[in-house]
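*Asks:* Got a predicted structure here, sequence first:
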There are 2 protein chains.
Amino acid sequence: MPEFLRLSPPIQALQILLDSLPERKPADEAIRSIDALGRVLAADVRAPHSLPEFPRSSVDGFAVRANDTFGVSEALPGYLQLVGEILMGKSPTVVITPDTCVSIHTGGMLPEGANAVLMLEHSQAVKRRGPGNEEINEIEILRPVAVGENVILVGEDVKKDQIVLKAGARIRPAEIGGCMALGISLLRVAIPPRIGIISSGDEVVPPDCSPHPGQVRDVNSHSLAALVKDSGGDPVLYGIVPDNLQAMKSVAGIALNECDAILITAGSSASARDHTAEAIASLGGPGILVHGVNVRPGKPTILAVCGGKAVIGLPGNPVSALVIGKLFAIPIIERMLGLNVVHPHPSVLAKMEMNIASQAGREDWVAVRIHSSPSQSIPSEERIWMAEPIFGKSNLIFSLAMADGLVRIPPNSTGVSSGEMVEVVLL
Amino acid sequence: MPEFLRLSPPIQALQILLDSLPERKPADEAIRSIDALGRVLAADVRAPHSLPEFPRSSVDGFAVRANDTFGVSEALPGYLQLVGEILMGKSPTVVITPDTCVSIHTGGMLPEGANAVLMLEHSQAVKRRGPGNEEINEIEILRPVAVGENVILVGEDVKKDQIVLKAGARIRPAEIGGCMALGISLLRVAIPPRIGIISSGDEVVPPDCSPHPGQVRDVNSHSLAALVKDSGGDPVLYGIVPDNLQAMKSVAGIALNECDAILITAGSSASARDHTAEAIASLGGPGILVHGVNVRPGKPTILAVCGGKAVIGLPGNPVSALVIGKLFAIPIIERMLGLNVVHPHPSVLAKMEMNIASQAGREDWVAVRIHSSPSQSIPSEERIWMAEPIFGKSNLIFSLAMADGLVRIPPNSTGVSSGEMVEVVLL
């Protein structure tokens, strides 16, 4: 089969792939909320009760009836009798009647009768003698408080039965905190999709071998496995297949059957690339959707859907394989996880240090190192980041290991000028 | 002890803390390279051999002696006798003598005598009859190649003994790929520092309890544990300590002894905060370095070094605790891991949707949601992200769970205007 490259732009190619994949709810499992960091929620989570469950003070001060404070000022202070203290973690035993107050701490429960909290800073403790000469503790109020002031109302954070976490959300520390606040100890999360990874090439040997002259170690199985793991998938390695059509058909068929999607890195010779394409074409319909993407590195990419599962043929060279993995495998994994957030790539804004030319019509991803300018002595938040392109043949894995990120030069651009601000997508 | 807040700007406060911590090489362990994703290298890694180990072709074509091609053109082609094919993964058995060539595939080993590769596209197979009428395979060359053209030289990726990965680097998929290429199966990585986490407050109960009125569940132990895990630390939970100075001194002492640093979330009442400060002050010199940071949320933060270990007193409310954890605990963990890369926070550039006021002199971190504008139909790489601030009291954990990131309003600013581009640090 001759190599036929219809060169789709990467964005369009990805869209074709995504549009051809069936909508399928990911398989899910229940796990402990505290173990769910990084996982993707499979179902909406509703609040089992309101939060807070009782009105709480948001400051240190005195729980009062707001109307007892109306009209007071520093010139004309008001006075309230101090009738006790709200203990932390306890339900109040006092009731606030007119012209009385209790001391309350941040987070303390508002007692019955009170509807506002006066800040400690706007009051002053005073003592006076009562009719029988007994000591009476009073609070001098120097300014009025409105109803609800310095109070967190019941349900102000979330209301009972409100959806607090949506299916498709990635669990971060804040989500774990939210679950703790509501006593939600289990979450249903998507089971990581199994991503079969096949390496190929007569010249490729396992990484723990000593290659003979002419042989190279398998880089892609493990770098792609790491990429898959990093984005929430479960990599399943199928080893190295020789440049043999029957062998590739057979291994790819097994992998497709056992996994939710497969990644095949083609052998680097033209005939090996042809075998990969032919093997993919044999795996079932609709088959190959895109053969060749207008991107550098990564042009000889194959995108296919076979039997409802994504099959990606990646270039054999390690740098191209990783870039294509980022562009196509990660979005497929996120789709299978049910991730519903259209998230930007984590990136930093940096100033390009030199001119980079790019062919119009082609999307280029240029590896860069970033460093701060002009010196380390400026605190990190105030720094300007500089992007220094790493020029290297795309076969050189260490050009990527030395890079901090990739800069995208869009198809409609002919390059980036020195001094231009660019978005560096972090590796 | 009265609460005394010297309000340092966060950057300066962090610097004071870092400067007071002893330089200490992190403890390390050897693990399999393929399991090292996300870990931090403890020692430089040198290349055990050059990469590639043999000269390789970077294209499909013909291995030639460059000087046999000098002077040829489409008008005046040259001819070389085709004497064989380089098999992938094999050491060549032919030697290229003048006016001969062999076919070679991408990644194939250059044979002796050859010093360049002619691309398939710039040649043409022809046949002619020899003196005895035998068929001779020849290659018509349509353009010259320079010495070294389309060849990856021995050591062009890395040279033997070159440092290929530096101590302090975080292992990403590209680093794993690099290790595979060189057959490096074990790496020495930093052991995750043990970070003790203490929650406190008479009102705080474990998350799996049903709180009585006045009580709240412990959010901070687990949200901070997730944050610590996420940044490469090993969280060790010491439970919830009541608002009692002796209890706090005792638990903090044990935690400091068993861990490399500790985080204490103060009870929310003023007296509980005082206990935290006093307990920290009792843990050893130099003690409290910063008490109060000019940041919102998170003002009542305590930064201390006791017995050579960092101790951070975080505000009790969950949102402040997470923001302060991000600002101070993560840099401490990264320092203990020996991470040598001054990395920017992963962030995206977005357009602020409305005006946000901020007090001059104070650094504000505002929670925002990001969404793409104007519509989902624009491919993700071409989108403009919009940042919508989430206004909520800092006690509301779900204001953070709903947020995509935080926008920093620096101390020297009085706010952000609607339409201004801001850097959203992803949560």
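*Replies:* Received it, and whenever you're ready, just let me know what you need.
*Asks:* mind checking which helix or strand the nearest residue to A:Glu203 once chain neighbours are set aside is in?
*Replies:* Leaving aside its chain neighbours, A:Glu203 sits nearest to B:Gly89 (3.6 Å; criterion: Cβ to Cβ, 6 or more residues apart in numbering or on different chains). Every C-beta, even on glycine, is put in place using the N, C-alpha and C of the backbone. Under the criterion DSSP states H and E, no helix or strand holds B:Gly89.
*Asks:* how many other residues sit next to the residue lying closest to A:Asp28 once chain neighbours are set aside?
*Replies:* Nearest residue to A:Asp28 in three dimensions, chain neighbours excluded: A:Ala42, at 3.4 Å (Cβ to Cβ, 6+ apart). Neighbour count for A:Ala42, taken as other Cβ atoms under 10 Å in any protein chain shown: 20.
*Asks:* got the contact list for A:Ala42?
*Replies:* If you count contacts by Cβ atoms under 8 Å, 6 or more residues apart in numbering or on different chains, A:Ala42 has them with A:25-26, A:28, A:167, A:188-190, A:338.
*Asks:* can you rerun that using 10 Å?
*Replies:* A:Ala42 makes contacts with A:25-30, A:167-168, A:187-191, A:337-338, as judged by Cβ atoms under 10 Å, 6 or more residues apart in numbering or on different chains.
*Asks:* Helices along chain A, start to end?
*Replies:* Counting by DSSP state H, chain A has helices at residues A:10-20, A:173-182, A:220-230, A:245-258, A:270-281, A:318-324, A:330-337, A:397-401.
*Asks:* touching chain B at all, the longest one?
*Replies:* What it means is helix A:245-258. No. Residues of helix A:245-258 are not located near chain B by Cβ under 10 Å from any Cβ of the partner chain, the shortest gap being 14.1 Å.
*Asks:* helices and strands around that helix, which ones?
*Replies:* Packed against helix A:245-258 by the contact rule (3 or more Cβ pairs under 10 Å, 6 or more residues apart in numbering or on different chains; DSSP states H and E) you find strand A:194-200, strand A:234-241, strand A:261-265, helix A:270-281, strand A:302-306, strand A:309-314.
*Asks:* hmm, 6 Å instead?
*Replies:* Judged by 3 or more Cβ pairs under 6 Å, 6 or more residues apart in numbering or on different chains; DSSP states H and E, the packing partners of helix A:245-258 are strand A:194-200, strand A:234-241, helix A:270-281.
*Asks:* Name the residues that touch it?
*Replies:* A:196, A:198, A:238, A:241, A:262, A:275, A:278-279, A:282-283, A:309 (Cβ atoms under 6 Å, 6 or more residues apart in numbering or on different chains).
*Asks:* so where's chain A uncertain?
*Replies:* A:1-6, A:268, A:341-345, A:373-383, A:392-395 (pLDDT under 70).
*Asks:* Tell me which residue lies nearest the centroid of it.
*Replies:* A:Arg170 (6.0 Å; Cα atoms, centre = their mean).
*Asks:* Can you spell out which residues form a bridge with that one?
*Replies:* Judged by DSSP bridges, the bridge partners of A:Arg170 are A:Val40.
*Asks:* got the residues of the stretch 201-350 of chain A near chain B?
*Replies:* A:202-203, A:207-208, A:213-215, A:217, A:219, A:222-223, A:226-227, A:268-270, A:318, A:344, A:346, A:348-349 (Cβ under 6 Å from any Cβ of the partner chain).
*Asks:* Among those residues, name the buried ones.
*Replies:* If you count burial by 16 or more other Cβ atoms under 10 Å in any protein chain shown, the buried members of those come out as A:202-203, A:207, A:214-215, A:217, A:219, A:222-223, A:226-227, A:268-270, A:318, A:344, A:346, A:348-349.
*Asks:* Point me to the residue of the stretch 301-427 of chain A nearest chain B.
*Replies:* Residue nearest to chain B within the stretch 301-427 of chain A (Cβ to the nearest Cβ): A:Pro346, separated by 3.0 Å.
*Asks:* got the contact list for the spatially closest residue to that residue that is not a sequence neighbour?
*Replies:* Of all residues not flanking A:Pro346 in the chain, B:Pro346 sits nearest, at 3.0 Å (Cβ to Cβ, 6+ apart). Residues near B:Pro346 by Cβ under 6 Å, 6+ apart: A:346, A:426, B:426.
*Asks:* do the same with A:Ser417
*Replies:* A:Asn355.
*Asks:* Check A:Ser358 too.
*Replies:* A:364, A:409, A:414-415.
*Asks:* Can you lay out those residues as a markdown table showing distance to chain B?
*Replies:* Putting the contacts of A:Ser358 into a markdown table (distance: Cβ to the nearest Cβ, whole Å) gives the following:
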| residue | distance to chain B |
| --- | --- |
| A:Asp364 | 13 |
| A:Ile409 | 11 |
| A:Thr414 | 17 |
| A:Gly415 | 17 |
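*Asks:* Where is the longest strand in chain A?
*Replies:* strand A:363-373 (DSSP state E).
*Asks:* where's A:His275 relative to chain B, distance?
*Replies:* 12 Å (Cβ to the nearest Cβ, to the nearest Å).
*Asks:* a markdown table please, covering the contacts of helix A:245-258 and showing distance to B:Leu76 and neighbour count.
*Replies:* Compiled in a markdown table, these are given as follows (distance: Cβ to Cβ, whole Å; neighbours: other Cβ atoms under 10 Å in any protein chain shown):
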| residue | distance to B:Leu76 | neighbour count |
| --- | --- | --- |
| A:Gly196 | 52 | 24 |
| A:Ile198 | 46 | 29 |
| A:Tyr238 | 50 | 20 |
| A:Val241 | 44 | 26 |
| A:Ile262 | 49 | 29 |
| A:His275 | 38 | 25 |
| A:Glu278 | 39 | 14 |
| A:Ala279 | 43 | 26 |
| A:Ser282 | 46 | 14 |
| A:Leu283 | 48 | 21 |
| A:Lys309 | 53 | 23 |
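*Asks:* now, the most widely separated pair of these?
*Replies:* Maximum pairwise distance among the contacts of helix A:245-258 (Cβ to Cβ): 19.8 Å, between A:His275 and A:Lys309.
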